[in-house]
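**Student:** The sequence and its predicted three-dimensional model are supplied below.
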Amino acid sequence: MKEKITPYKDSKLNKKAQVEKMFDTISENYDGLNRVISFGIDVKWRKKVIALVEATKPEKVLDIATGTGDLAISLAKTSASEIIGLDISEGMLAVGRKKIAEEKLSEKIKMVQADSEALPYENNTFDAITVAFGVRNFETLEKGLAEIFRVLKPNGIFVVLETSVPAKFPFKQGYNFHSKVILPIIGKLFSKDKVAYSYLSESAAAFPYGEKFNNILRKIGFIDVEDKPQTFGVATIYTASKN
């Protein structure tokens with residue numbers, strides 16, 4: 001059975017359209033809110049993703065669900081000569097392009113609006129593909145992962161950074177309180193979209209993290225699948241490759 005994640009409950013739009021609209025709306029506040037909501041720990045997690053990618057010495061990298069380009073900008077520190085940041089939200093990409101221009105990285109990083117479930121690239125194109133806090137927003141998880149598998153080169157690396165739920169007390173209880181109570185309150189205070197951060201909380205809780213996600217990756221055809229829980233299990237870094 002294909003894994004699907006519950007979208008907005010009060011919309012007639014499909015999940016893809018909802019996600020695009022939501023991120024367009026919150027794009028201007030997204031970076032600041034992320035730092036507040038994660039207490040800045042997400043910066044440390046992203047550094048670990050960069051280290052994993054850099055170890056493979058990639059030339060061409062694709063960052064899917066790039067948002068405002070935080071990870072794509074950090075990937076510029078690797079050996080990669082070409083980095084593509086791809087997202088469905090033009091609002092998020094517009095913010096990212098400004099940041100990239102300020103960093104004088106416009107020649108190295110290209111921001112592309114496209115659907116992660118229908119990637120506009122040939123088979124075996126990228127040495128490395130990353131997704132940070134984005135796979136849970138795929139309308140059909142397996143379809144998006146199959147597209148990533150298709151465009152990844154043999155022996156290339158696929159790295160996912162995504163939320164997960166801690167298993168042990170008191171971290172599980174603290175995570176649930178933060179995601180169900182604190183996160184929506186912060187979102188309502190600082191965002192024009194009154195349901196966006198409730199959606200983010202719900203989608204994170206519904207995501208098949210840990211071994212469940214590992215098994216989905218293996219089903220798609222990925223090999224060398226590993227998961228690395230971060231900060232008491234509130235996030236997980238997954239790595240995989242392709243024959």
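**Tutor:** Done, it's in.
**Student:** which stretches of the chain have low pLDDT?
**Tutor:** 1-13, 26-27, 29, 31-39, 171, 175, 177-178, 182, 184, 186-201 (pLDDT under 70).
**Student:** what ranges do the helices span in it?
**Tutor:** Here the chain has its helices, by DSSP state H, at 15-26, 30-37, 41-54, 70-75, 90-102, 141-151, 171-177, 183-190, 196-206, 211-220.
**Student:** Deepest in the core, which of those helices is it.
**Tutor:** helix 70-75 (a mean of 24; mean count of other CB atoms under 10 Å). Yep, even glycine has a C-beta here, placed from its N, CA and C like the rest.
**Student:** For that one, name the packing helices and strands.
**Tutor:** helix 41-54, strand 60-64, strand 82-87, helix 90-102, strand 109-113, strand 126-132 (3 or more CB pairs under 8 Å, 6 or more residues apart in numbering; DSSP states H and E).
**Student:** Could you rerun that using 6 Å?
**Tutor:** helix 41-54, strand 60-64, strand 82-87 (3 or more CB pairs under 6 Å, 6 or more residues apart in numbering; DSSP states H and E).
**Student:** Just tell me which of these ends up closest to P166.
**Tutor:** helix 41-54 (13.3 Å; CB to CB).
**Student:** which residues are in contact with that closest one?
**Tutor:** 71, 74, 78, 128, 159, 161, 230-231, 235 (CB atoms under 6 Å, 6 or more residues apart in numbering).
**Student:** how deep is the nearest residue to F207 once chain neighbours are set aside tucked in, by neighbour count?
**Tutor:** Excluding its sequence neighbours, the residue lying closest to F207 (CB to CB, 6 or more residues apart in numbering) is R136, at 4.2 Å. Residues near R136, counting by other CB atoms under 10 Å, number 24.
**Student:** was I right about R136 contacting P208?
**Tutor:** No: checked against CB atoms under 6 Å, the pair R136 and P208 is beyond contact range at 9.1 Å.
**Student:** quick one: T163 from K16, how far?
**Tutor:** 20 Å (CB to CB, to the nearest Å).
**Student:** hmm, I was thinking of K108
**Tutor:** Distance from K108 to K16, by CB to CB: 29 Å.
**Student:** Next: P170.
**Tutor:** For P170 relative to K16 (CB to CB), the value is 37 Å.
**Student:** got it, and I109?
**Tutor:** From I109 to K16 the distance is 24 Å (CB to CB).
**Student:** what does F149 give?
**Tutor:** 20 Å.
**Student:** and what of E142?
**Tutor:** Look at E142 and K16: by CB to CB, they are 15 Å apart.
**Student:** repeat for G144
**Tutor:** Counting by CB to CB, the gap from G144 to K16 is 10 Å.
**Student:** for R150, same thing?
**Tutor:** Applying CB to CB to R150 and K16 gives a distance of 19 Å.
**Student:** From I73, how far out is G40?
**Tutor:** In terms of CB to CB, G40 sits 16 Å off from I73.
**Student:** got it, and L52?
**Tutor:** If you go by CB to CB, the gap between L52 and I73 works out to 17 Å.
**Student:** V95 too?
**Tutor:** For V95, the distance to I73 - CB to CB - is 12 Å.
**Student:** now T163
**Tutor:** In terms of CB to CB, T163 sits 21 Å off from I73.
**Student:** Likewise for L183?
**Tutor:** Counting by CB to CB, the gap from L183 to I73 is 25 Å.
**Student:** who are the neighbours of the strand of greatest length in the chain, in terms of helices and strands?
**Tutor:** Counting by DSSP state E, the longest strand found in the chain is strand 152-163. Counting contacts by 3+ CB pairs under 6 Å, 6+ apart, strand 152-163 packs against helix 41-54, strand 126-132, strand 235-241.
**Student:** Starting from it, tell me which strands it pairs with and how they run.
**Tutor:** In the sheet, strand 152-163 lines up against strand 126-132 (parallel), strand 235-241 (antiparallel) (DSSP bridges).
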